[in-house]
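Engineer: what's the 3D shape of this:
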Amino acid sequence: MKLLTFFLKIIKWIFFLVILPTLLYLGLAALLSYWGTNPKKLDCSADQVIYISSNGMHIDLIMPTEMLPVDFLSHLSPKETTAYYAIGWGDKGFYLDTPSWAELKASTAMKAMLINSSTAMHVTQFKTIQPHWVPIAVCTEQISILNQHITSTFQTNANGDPIEIVGAGYTPDDRFYEAHGNYNAKKTCNIWVNQGLKKASIKTSRWSPFVFGILHHAEEQASALNLK
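Structural biologist: Down below sits the predicted model:
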């Protein structure tokens with residue numbers, strides 16, 4: 001009887017300390033992901049296009065090369081054929097230790113979500129638009145705001161240059177850089193993108209630690225404008 005009581009206590013504590021907080025987190029994420037923002041109207045014409053992309057777990061902001069600040073672009077080792085940059089922010093250990101989802105370790109994922117861990121920027125070069133990218137119509141002012149959001153997240157050296165994590169890229173077309181900020185369950189890689197869109201007055205999720213809310217609002221707007 002004492003043994004049964006002991007196990008029931010363990011189950012109760014597991015429920016209140018692990019299961020219940022997880023369910024609340026997921027429920028709040030679902031609610032706030034589909035609850036869209038009401039961005040202010042900017043006095044400019046949204047006649048240009050950026051993109052977002054998702055691998056199912058992580059979203060990148062994708063900027064045409066000509067939209068990025070020239071001085072910033074020069075530090076990203078652009079190739080002559082590079083037309084787009086996919087830029088993301090995330091947990092440094094997750095980025096560097098997990099080249100593919102098949103190599104994801106439970107310990108890496110738990111550490112990223114539960115501990116204020118260091119972060120990195122991931123930058124990938126593309127020659128052409130990829131089929132799964134979602135277009136977002138933007139104006140010049142919104143591009144400027146997004147560029148400020150992106151560039152201010154990169155750590156820089158004494159000369160103001162982004163600090164590359166040498167040899168950390170997965171392919172010849174991508175690189176990692178040191179970043180500002182800490183990663184945790186409240187601020188995930190997707191929330192970094194979400195924050196950038198909100199700053200730029202682009203309709204998006206109120207709060208979206210996962211990809212589905214951001215994609216939902218972006219795809220809805222793209223369809224309304226016949227961009228996709």
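Engineer: so how far is Ala179 from Thr156?
Structural biologist: Thr156 sits 11 Å away from Ala179, taking Cβ to Cβ, to the nearest Å as the criterion. In short, each C-beta sits where N, CA and C put it, glycine included.
Engineer: give me the more crowded residue out of these two.
Structural biologist: Set Thr156 next to Ala179 and count neighbours by other Cβ atoms under 10 Å: Ala179 wins out with 25 against 15.
Engineer: next up, the contacts around that one.
Structural biologist: By Cβ atoms under 8 Å, 6 or more residues apart in numbering, Ala179 lies in contact with 89, 92, 119-121, 153-155.
Engineer: make a markdown table out of those and add neighbour count and distance to Lys186.
Structural biologist: Listed next are the contacts of Ala179 as a markdown table, based on neighbours: other Cβ atoms under 10 Å; distance: Cβ to Cβ, whole Å:
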| residue | neighbour count | distance to Lys186 |
| --- | --- | --- |
| Trp89 | 30 | 14 |
| Lys92 | 21 | 17 |
| Thr119 | 24 | 13 |
| Ala120 | 25 | 18 |
| Met121 | 26 | 19 |
| Thr153 | 19 | 17 |
| Phe154 | 22 | 22 |
| Gln155 | 15 | 21 |
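Engineer: which ones among those are found in helices?
Structural biologist: Here DSSP state H is the test, and the contacts of Ala179 give Lys92 as lying in helices.
Engineer: isn't Trp207 up against Ala29?
Structural biologist: Yes. Trp207 lies in contact with Ala29 (Cβ atoms under 8 Å); the separation is 7.3 Å.
Engineer: could you measure from Glu141 over to Tyr51?
Structural biologist: Distance from Glu141 to Tyr51, by Cβ to Cβ: 18 Å.
Engineer: in the chain, which spans are strands?
Structural biologist: Here the chain has its strands, by DSSP state E, at 48-54, 59-64, 84-91, 119-126, 134-138, 174-178.
Engineer: closest to Trp192 out of these?
Structural biologist: Using Cβ to Cβ as the measure, strand 84-91 is the one of these that comes nearest Trp192, at 4.1 Å.
Engineer: can you pull out the low-pLDDT segments for this structure?
Structural biologist: 1-21, 98-116, 228 (pLDDT under 70).
Engineer: excluding chain neighbours, what is closest to Ile163?
Structural biologist: Glu178 (4.2 Å; Cβ to Cβ, 6 or more residues apart in numbering).
Engineer: need the contact list for that neighbour.
Structural biologist: 120-121, 154-155, 162-165 are the contacts of Glu178 under Cβ under 8 Å, 6+ apart.
Engineer: what's the closest of these to Tyr85?
Structural biologist: The closest of those, once distances to Tyr85 are taken by Cβ to Cβ, is Met121, at 10.8 Å.
Engineer: from Ser53, how far out is the closest one?
Structural biologist: Taking Cβ to Cβ, one finds Met121 at 15 Å from Ser53.
Engineer: what sits against Glu141?
Structural biologist: Glu141 touches 42, 44, counting by Cβ under 8 Å, 6+ apart.
Engineer: against Lys41, how distant is it?
Structural biologist: Relative to Lys41, and taking Cβ to Cβ, Glu141 is found at 11 Å.
Engineer: would you agree Ala83 is in contact with Gln130?
Structural biologist: No. Using Cβ under 8 Å, Ala83 is not in contact with Gln130, being 11.3 Å away.
Engineer: and Leu28, how many neighbours?
Structural biologist: 12.
Engineer: now swap in the one 3 residues further on and tell me
Structural biologist: Using other Cβ under 10 Å as the criterion, Leu31 is surrounded by 13 other residues.
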